[in-house]
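Chemist: structure of the sequence below:
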Amino acid sequence: MNIKNVVKVMNFHALVRVDRAKREAQKYMLMSGELYQMLDQIMNNRNLVLDKSVMQPDPKKPSLTFYIGSDFGFCSNYNTLVNHAMNEDSGDKVLIGKKMRCHTGNIIMRIHRGHLQENLYHVEEILKDSLWEKQHSSIRIVYNRYLNSTTSRLETMQLYPMEVPRRADAAAYRQDYVVEGDLSEILRQLLLTYIMYEIELACISGFAAENVMRQTTTQESLDKIEERDAQRLMEERKARREKEFSKVIESFSKMRN
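Modeler: Next up, the predicted model:
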């Protein structure tokens with residue numbers, strides 16, 4: 001099998017996956033943005049009486065962090081960066097990705113990233129226990145964030161406790177509301193939905209970043225293969241010229257003799 005052709009196929013598939021992840025991320029970004037605006041309107045509204053204690057965790061409890069890696073290799077230091085951050089954390093952890101290697105802290109759940117969709121219910125139950133029972137001092141996600149077609153970076157994002165900064169336009173918070181039901185429960189459900197969308201968005205962004213690194217690695221491999229082929233071709237040409245030159249010298253020597 002031609003190695004160069006295999007690497008070309010891997011390079012092409014990495015590019016296709018990046019494009020697919022970008023399109024899918026757009027949908028989650030829109031929904032996440034809408035939920036953030038709703039939380040902003042509730043938490044910063046002047047006329048809305050809200051028990052803010054529902055948003056305050058117990059600072060004595062451990063943190064809960066979602067670490068998002070990959071299921072496959074051949075993507076440079078993608079998993080190394082996440083694993084390094086993970087092993088410096090002694091809190092509770094949810095590991096998403098087959099390549100995660102944890103040596104510290106308490107692992108609540110471990111799943112392959114390719115199986116995330118079918119395990120979203122279990123992730124939601126973990127978050128409900130954390131939010132409703134105040135089991136953790138904070139909830140974070142650590143992942144490789146896709147920036148552009150050549151760049152990604154390790155990102156740590158805190159999702160809870162959620163700090164929603166006030167906008168400069170104070171008039172935006174003067175609306176009056178009629179609330180039916182438990183406002184604290186409504187806020188919890190909104191926060192839960194927001195966190196779920198952010199986790200899925202981080203997985204998609206990480207998937208794009210993984211394939212950016214894989215595309216870079218395969219492109220470097222292609223360049224090295226082409227460089228090696230060019231060097232081998234030069235050596236073959238040199239050997240051929242030396243052989244032809246030797247024949248000419250040998251013929252000339254025979255003619256003289």
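Chemist: distance of the residue sitting nearest the centre point of the chain relative to residue 80?
Modeler: Taking Cα atoms, centre = their mean, the centroid of the chain lies closest to residue 206, which sits 1.7 Å from it. In this view, residue 206 and residue 80 are 14 Å apart by Cβ to Cβ, to the nearest Å. C-beta here means a position set from N, CA and C on the backbone, and glycine is covered the same way.
Chemist: what does residue 142 give?
Modeler: Distance from residue 142 to residue 80, by Cβ to Cβ: 13 Å.
Chemist: the more surrounded of these two?
Modeler: When residue 142 and residue 80 are compared for neighbours, residue 142 comes out ahead with 21 against 14, by other Cβ atoms under 10 Å.
Chemist: so that one touches residue 159, yeah?
Modeler: No: contact criterion Cβ atoms under 8 Å: residue 142 and residue 159 do not qualify, at 11.4 Å.
Chemist: okay, now stretch 79-92: how far is its last residue from its first?
Modeler: 19 Å (Cα to Cα, to the nearest Å).
Chemist: mind checking the pLDDT average for it?
Modeler: The pLDDT scores in stretch 79-92 average 84.
Chemist: in that stretch, what's buried?
Modeler: 79, 81-83, 86, 89, 91-92 (16 or more other Cβ atoms under 10 Å).
Chemist: quick revisit: check contacts around the residue nearest to the centre of the chain.
Modeler: By Cβ atoms under 8 Å, 6 or more residues apart in numbering, the contact list for residue 206 reads 68-70, 113, 143-146.
Chemist: which is the next helix or strand following the helix or strand bottoming out on mean pLDDT in the chain?
Modeler: Least confident helix or strand of the chain, by mean pLDDT, DSSP states H and E, is helix 3-43 with a mean of 67. Next helix or strand after helix 3-43 toward the C-terminus (DSSP states H and E): strand 64-68.
Chemist: what's that following strand packed up against?
Modeler: Applying 3 or more Cβ pairs under 8 Å, 6 or more residues apart in numbering; DSSP states H and E, one finds that strand 64-68 makes contact with helix 78-86, strand 92-96, strand 139-146, helix 183-256.
Chemist: which stretches of the stretch 51-200 of the chain have low pLDDT?
Modeler: In the predicted model of the stretch 51-200 of the chain, residues 51-55, 73-76, 149-150, 163-179 satisfy pLDDT under 70.
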